[in-house]
Structure formats: structure tokens, C-alpha cells
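S.K.: just to be clear, the model below is a prediction. Sequence and coordinates:
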Amino acid sequence: MAFPMCKTRYVVKNTKTIAFILLGLTWLTTVALRGLAIPVMARFEIGDPIVGFMSASAMVAMVLGVSLYTAMMRNTQVVQFSDEVIEELNKVTWPEKDETVNSTVVVVGVTLFIAAALGLYDYVWAEVIQVVLYTAE
């Protein structure tokens, strides 16, 4: 099935997944733009007027987000790359649940051991420094 918004002969197999991923990426970009706009406007003492039912900064962020989504959906390279990535990820042999749990237990155990060793090392050297530097002669 050819991608509806993309003018290409490349047949995309994961149309819904690509659209969903790009929509999520666009949403994150829109939220980030809106989040960055507020402190910048506050820094320069610019108000954020309400236009209709939403603030102007939210409206601008949404327009930029929709534009970004449309541009990405129409870009042949983005769509083809996304489809190829999904196809490669489908070929990956993922570990079973038992293997994942065992690996997680090992990582947490080693992390706790190293944290305890560093804490003990820090405590011992703090005591040594206390004795050496603050001993009255």
C-alpha cells in the first residue's frame, strides 16, 4: 500500500505505525515549544493574550506542530526511513521475560554493591581526614 500523503513509488508496510509515531513526535515538539515560549515571553514581559478559547502561544505551537507533522508525512525520506526502522525492529530477537528479570536483578545488585562500596570508601576517608586535619597537638 502506498503512503497516502507521500508522493513516492516506495510501498510502505507500516502506515498506521509511522503516522502514530510521527504524531507523537509532533505532540512532544508542540508541548516543548509551548513550554519554551512561556518563560521567554515572561522574560521580555510580553503578555500571552487569549485568542478565541486558547492562548496565542498555544495556538502558535499547535500551528507549528501541525505544519511539522504535515511536512514529515510528505517527506519521502522520513517515511521510508521510519518504515525501514520498523521492519528491522521486527526482525530483532527480543529476550524472554525470565532472561530480562535475571539481567535486571544482576544490574540492580551490582549497582547496590558499588553504591555501598563507594559509601564505605567515602565514610572511611572522611574519618581519616577528620583525624589527620583536626587532631589537636
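M.R.: Happy to help now that I have it. Numbering: from 1, shown residues only.

S.K.: hey, let's count contacts and neighbours off CA atoms from now on
M.R.: Will do.

S.K.: point to the residue nearest the middle of this protein.
M.R.: For the chain, the residue whose C-alpha lies nearest the mean C-alpha position (Cα atoms, centre = their mean) is L28; its distance is 8.5 Å.

S.K.: work out for me the element that one sits within.
M.R.: Here L28 sits within helix 15-43, counting by DSSP states H and E.

S.K.: what's the residue lying closest to I50 once chain neighbours are set aside in contact with, if anything?
M.R.: Across the structure, with Cα to Cα, 6 or more residues apart in numbering as the measure, the residue nearest I50 apart from its sequence neighbours is A56 (5.9 Å). By Cα atoms under 8 Å, 6 or more residues apart in numbering, the contact set of A56 is D48, P49, I50.

S.K.: if you rank the residues you listed by neighbours, which is first?
M.R.: D48 (15 neighbours; other Cα atoms under 10 Å).

S.K.: lovely, talk soon.
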